Structures are given as C-alpha cells and as structure tokens.
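Visitor: My questions are about this predicted structure, shown below with the sequence.
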Amino acid sequence: MTFDFLEMVLFAILAIAIVGAGAAVVLVGRITSAALFMAFTFLCMAGMFLLLGAETIAAFQVLIYVGAITVLILYGVMFTPQGSRDYGLFFQKQTPWAIVFVAFLAVPVMVFASSFQDGRPLARGGDLVPLATSLFGDFAYPFEVASVLLLAALVGAIVLVKRDDEEIR
Amino acid sequence: MPDYNLSYFYVFAFFVAAAIFITLLLGLARLIAPRKVTVEKARTYESGEEPVGQAWSRYPTHFYVFALLFVVFDVEVIFLFPWAVLFRTLGWYGLVEMVIFIAILVVGLYYAWRKKALNWY
C-alpha cells in the first residue's frame, strides 16, 4: 500500500467528517451539541493541516480553535436564555436559498481547486523556525502590540462583568 | 512512506483505536447489562437532592472572565512555542521581547486580581 493511497483515504475520512459535522452544527436542535460538533470540525481541520504538512498550524488550530474558541462559544451558549428556539426556525426556513447559494459558490471553488496540478504545496515537516525568525525579528512590534490587544480584551471583559455584578447585588 | 507522515499516521491510528475500543466496550455493556429504566433512575443526579429546574440554567456572567483569562494565556502559549524553539538564536533580544510581552499581560492579570474578578462566587 503506497502512501498516496493512504493519504487519499485519510483525506476522504477527514473531508466526510468535516462536512458531516459542519452540517450537524446547523441541523442539530440542541445548541450545546452544535457547539461540540463545531469543536469536532475544528479538530478534523487540524488533521487536514497535518495532511498538508503544516504541523505548526495544526498545533495552533488545536490550541486556539479546539481549546479557546470552543470554550468561548460554550460560555456564550451558557449565558443565553434557553427559550430562544425561534432563531433555529428562522434559519431553517432559508434552506432552499442556502442550497442555491452553496451550489453557486461551489462552482468557482471547484474550478479553483482543480487548477492546482501539484497536490503538495508545502514542504513537509516543521515550519516553526522561519515563523519564529520573522515573528521575533521583522514583526517584533506587531507582536508586542498583540499583547496590548489581549490586555484590552481582558480589561474590557472585567469592566463589563463587574458592572453586571453590581447590578445584581 | 516519509517519516513525517508515518509519525502522524500513528496519531491517527491512536484516534481510530480509541474510538473502536470505546465503541466496543459501550456496545458490549449495552448488550450484556440489564436495562430497567425507572423515573428515579432517569432523573438528573443532584447529590441526593430533588433537582430544581432544568440542567441548563444561565451562568452568572462573571465566569466569563475565567474563559477570557484562559484565552489570553492560551494565545500567550502560542507565542511562547516559537520563542522557545529559537531561544538560543534570539538570545537576550528575544528574552527582553518576551518579558515585555508577558509583562503587559501580567498587568491584565493584576487588574483582574485587584478588581476581585478572580473570586469564584
């Protein structure tokens, strides 16, 4: 069994999992299950990045998306009131339109994807060293500004939450 | 088969093995175990108390600070990884950069502490 065949099998499994879980996010009635299906989609995307040879992005995908973003979404779900089922109905009425638009969008995407002759655009293995070199060399200033952005997000959340608390008490 | 693919194929194989193992065990338990569902058994477990309301209740918003703290330091870890890989090459310059980065984030942590946003109630 050659690796190309195995790679194709893995790609097929991951693709089916991504599309299936993505559809489940929209179709599942319970919003917590939808959030967990979304986490599963993120995890399968990490597998796709591994297949492409981008281990760093795969690791970041797991840490940021499967870890952080999913936690934020789940917290957001737990903050929402339960009775908001009308939104689900609102979206499900648009299924025919969604099918039309997806079909319309699929044509250019497939044309673009099939224009790639070589299926392996990236070098295999770690790409962490060039990333680190440019991040701490050329992009040192944006890197420091990123921490200010994170600080702003944290302070903003604290300010909003503390105000809510004082209203409750 | 190149080495890179082989090493991650093992990861995938572990995923598959774990999935098969769990499915087998749970399926076996379902086949063997007697199932007598009563109202008492189906009730939400609440440490012996009568459950009040549904399992899904809205959380107080101040837990959001913990989620955001996790995200902030998760992103910090993302930056720490490439820094750790190039630690020797970057030398003092990289160390100062990272110390400034972490110091700015620690200001946020200190702010959360002083605002008593870290209290678990």
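Guide: Yes, it's here.
Visitor: ok, the closest residue to chain B within chain A to B:Pro82 distance?
Guide: As assessed by Cβ to the nearest Cβ, chain B sits closest to A:Ala132 within chain A, at 3.4 Å. To be clear about C-beta, it is placed using only N, CA and C from the backbone, and glycine gets the same treatment. Counting by Cβ to Cβ, to the nearest Å, the separation of A:Ala132 from B:Pro82 is 3 Å.
Visitor: can you dump the C-alpha coordinates of stretch B:14-27 into PDB?
Guide: Extracted C-alpha coordinates of stretch B:14-27, given in PDB (Å, rounded to 0.1, in the frame of the first residue of the first chain):
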ATOM      1  CA  PHE B  14      -4.400   6.100  18.100                       C
ATOM      2  CA  PHE B  15      -7.600   8.100  17.500                       C
ATOM      3  CA  VAL B  16      -9.100   5.200  15.500                       C
ATOM      4  CA  ALA B  17      -8.000   2.600  18.100                       C
ATOM      5  CA  ALA B  18      -9.500   4.700  20.900                       C
ATOM      6  CA  ALA B  19     -12.800   5.100  19.000                       C
ATOM      7  CA  ILE B  20     -13.100   1.400  18.300                       C
ATOM      8  CA  PHE B  21     -12.200   0.500  21.900                       C
ATOM      9  CA  ILE B  22     -14.800   2.800  23.400                       C
ATOM     10  CA  THR B  23     -17.500   1.700  20.800                       C
ATOM     11  CA  LEU B  24     -16.800  -1.900  21.500                       C
ATOM     12  CA  LEU B  25     -16.900  -1.500  25.300                       C
ATOM     13  CA  LEU B  26     -20.100   0.600  25.300                       C
ATOM     14  CA  GLY B  27     -21.700  -1.700  22.800                       C
END
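Visitor: And the helices in chain A?
Guide: In chain A, the segments counted as helices under DSSP state H are A:3-27, A:31-52, A:55-60, A:70-79, A:86-92, A:95-114, A:128-136, A:140-168.
Visitor: In chain B, where is pLDDT below threshold?
Guide: For chain B, the stretches with pLDDT under 70 are B:1-6, B:55, B:121.
Visitor: Pick out the residue in it sitting closest to chain A.
Guide: Here the residue of chain B nearest chain A is B:Pro82; by Cβ to the nearest Cβ that distance is 3.4 Å.
Visitor: following the helix or strand harbouring B:Leu69, which helix or strand comes up?
Guide: If you go by DSSP states H and E, B:Leu69 is part of helix B:64-85. Downstream of helix B:64-85, the next assigned helix or strand under DSSP H and E is helix B:87-114.
Visitor: Taking their axis directions, that following helix and helix B:64-85 sit at what angle?
Guide: Helix B:87-114 and helix B:64-85 meet at an angle of 170 degrees, taking axes from the mean of the first three to the mean of the last three Cα atoms, to 10 degrees as the criterion.
Visitor: Can you report phi and psi for B:Phe42?
Guide: To be clear, residue B:42 is Ala; Phe isn't right here. The phi/psi pair for B:Ala42 (degrees, to the nearest 10) reads phi -80, psi -10.
Visitor: ok so, going back, need the contact list for the residue of chain B closest to chain A.
Guide: Neighbouring residues of B:Pro82 by Cβ atoms under 8 Å, 6 or more residues apart in numbering or on different chains: A:56, A:128, A:131-132, A:135-136.
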